[in-house]
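*Asks:* Here is my input; please provide its structure:
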Amino acid sequence: MTADFPAYAPSDSLQGLVQRGRGLGHVRALQDPAAAAPFVYDCIRREQRWDSQCDQRSLYHARLVRDLDLPLGPILCQLTEAEDEEAVWRATSVLEVLALAGSAEAAEGLRRYVREGEHWVHVLESIADAWPQAWWEELGDVARERIAGEEDPPGPRVPWELFGVERLPGLSRPDRAYGHLGTARLLALIADPGTTGGDKVAVLRALAPRGPQPGLLPLVPLLGHPGSVRMLPGVRAALRRLGPLAVPAARGWARDEREWLARLGEEVLADHPGPEALPRLLEELAGHLESGEWCGPDDTARRLAGLGSVAAEAVPLLRALVLRTPHTYERADYLEAIAAIDPNAEPDLYAECLQDCEARTRLLAVAAVPAGPGVRERITALRDDPMEDPEVRAAAAERAAGLHA
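*Replies:* Numbering: from 1, shown residues only. This next block holds a predicted model:
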């Protein structure tokens, strides 16, 4: 998270909308490009995310630059002249997306930086991850020459293995060794007393894309750090995928003598409250809004979602969070909670969120936006946009096919 939070403009102003990555910010920017331009550049120049580790902005900013036909000069200058390394990263992330959309100027600016720039290693690794190999493999000679002057060996496999450069050891993810195994075999590995904690974490990663795993429930007591009061990474996420199925087991964990397991059981039970918890949850949500504490309302939103239509009073508060939060990573949780409580509520939010900065929010919007004037055109635009996240493009293609022209 950023050390000093940015000062945000009002959430209904053009500047505030762009700062928060709102879909309405994109719409209003197109209505007044001259007014929007300085706000777009400012958001790239200065960190505007509430949490720079998880809030997404690069595609949102790149799409604004393209759709407003803004000159790339200020962003290229930021790339080459910024003293702050994070400012270089922000410029890189926007330019590499613009290159994917066909901007030769953006692509060449990044290649030139790899040849000449100070933080060239990060830029090379970033474009190698984002672009087709043919776009960056020509940089091998300059990379091999320049890396000799760097103190630390490089990390990611791409592009260094292709270039024949020795990498920093120990960075390969162990879950690649388990991905080919069947689910029953993976669960048996967790139950095996000889499986190390690190291997159990790798197994949990391999299980993650396979959806809820009820067979994991009796194995949860085996998923603590040996001799520690902490659980292994990935356990909470696995239980969240199981939803209410984890509640019966959690009642037993909550009484366990092991502190980490008892705490985990209490957390699972808290995530699945009964209707009697509604007043407390509404108070929590209102408190977050009033205080401007933007980290944490997602947990409350998920608990309210589990109550369904009983939590109808929460919808206005959840809507306010969607509109006001600068911590955009959590926005999808508020939208998802609204849909779980009342699928017919707030249809305008789904339409706006088709242009949201967060891919997860756009996915929800593509699936839930009601058919209406211009909706098919906007979904088709997402389907055909080379900038767009592949998962969003696939979802947009499926939804567009079901909408009448």
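*Asks:* Where does pLDDT dip in the chain?
*Replies:* 1-5, 156, 167-177, 405 (pLDDT under 70).
*Asks:* Tell me how far residue 22 lies from residue 73.
*Replies:* According to CB to CB, to the nearest Å, residue 22 and residue 73 sit 26 Å apart. Glycine gets a C-beta too; all of them are placed from N, C-alpha and C.
*Asks:* So those two - more neighbours on which side?
*Replies:* Comparing residue 22 with residue 73 by other CB atoms under 10 Å, the one with more neighbours is residue 22, at 28 against 11.
*Asks:* Was I right to think that one contacts residue 324?
*Replies:* No. Contact between residue 22 and residue 324 fails when scored by CB atoms under 8 Å: they sit 9.7 Å apart.
*Asks:* anything in contact with each of these two?
*Replies:* residue 11 (CB atoms under 8 Å, 6 or more residues apart in numbering).
*Asks:* Please state the offset of stretch 58-78 from the chain centre?
*Replies:* 21 Å (CA atoms, centre = their mean, to the nearest Å).
*Asks:* Kindly report the same for stretch 40-49.
*Replies:* The chain centroid and the centroid of stretch 40-49 are separated by 18 Å under CA atoms, centre = their mean.
*Asks:* Give me the residues contacting the top helix by length along the chain.
*Replies:* As assigned by DSSP state H, the longest helix anywhere in the chain is helix 85-100. The contact list for helix 85-100, computed with CB under 8 Å, 6+ apart, reads 44-45, 47, 52, 57-59, 61-62, 65-66, 72, 75-76, 78-79, 82, 103, 106-107, 109-110, 113, 117-119, 122-123, 126-127, 130-131, 135, 386-387.
*Asks:* Can I have the buried ones of those as a PyMOL selection?
*Replies:* Only the buried entries of the contacts of helix 85-100 go into this PyMOL selection, using 16 or more other CB atoms under 10 Å:
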select buried, resi 44+45+47+57+58+59+61+62+65+66+72+75+76+78+79+82+103+106+107+109+110+113+117+119+122+123+126+127+130+131+135+387
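*Asks:* From the contacts of helix 85-100, which land in helices?
*Replies:* Reading helices off the contacts of helix 85-100 with DSSP H, I get 44-45, 58-59, 61-62, 65-66, 75-76, 78-79, 106-107, 109-110, 113, 122-123, 126-127, 130.
*Asks:* Residue 201 - that's part of a helix, no?
*Replies:* Yes. Under DSSP: H, G, I helix; E, B strand; the rest coil, residue 201 sits within a helix.
*Asks:* There's contact between it and residue 235 in this structure, I believe.
*Replies:* No. Residue 201 is beyond contact range of residue 235, at 9.2 Å (criterion: CB under 8 Å).
*Asks:* Do a quick rundown of the strands in the chain.
*Replies:* Secondary structure of the chain (DSSP state E): no strands located.
*Asks:* how much space is there between the residue located most distally from the centre of it and residue 284?
*Replies:* Ranked by distance from the centre of the chain (CA atoms, centre = their mean), the top residue is residue 257, with 35.8 Å. Taking CB to CB as the measure, residue 257 and residue 284 are separated by 30 Å.
*Asks:* next one: residue 28
*Replies:* Using CB to CB, residue 28 is found at 32 Å from residue 284.
*Asks:* same question, residue 363
*Replies:* Applying CB to CB, the value for residue 363 to residue 284 is 26 Å.
*Asks:* Residue 148 too?
*Replies:* Taken as CB to CB, the span from residue 148 to residue 284 is 55 Å.
*Asks:* Over to residue 255?
*Replies:* Separation of residue 255 from residue 284 (CB to CB): 26 Å.
*Asks:* can you check residue 395 too?
*Replies:* Here residue 395 is placed at a distance of 32 Å from residue 284 (CB to CB).
*Asks:* next one: residue 389
*Replies:* Taking CB to CB, one finds residue 389 at 32 Å from residue 284.
*Asks:* cool, and residue 295?
*Replies:* When residue 295 is compared with residue 284 (using CB to CB), they lie 13 Å apart.
*Asks:* All set, thanks.
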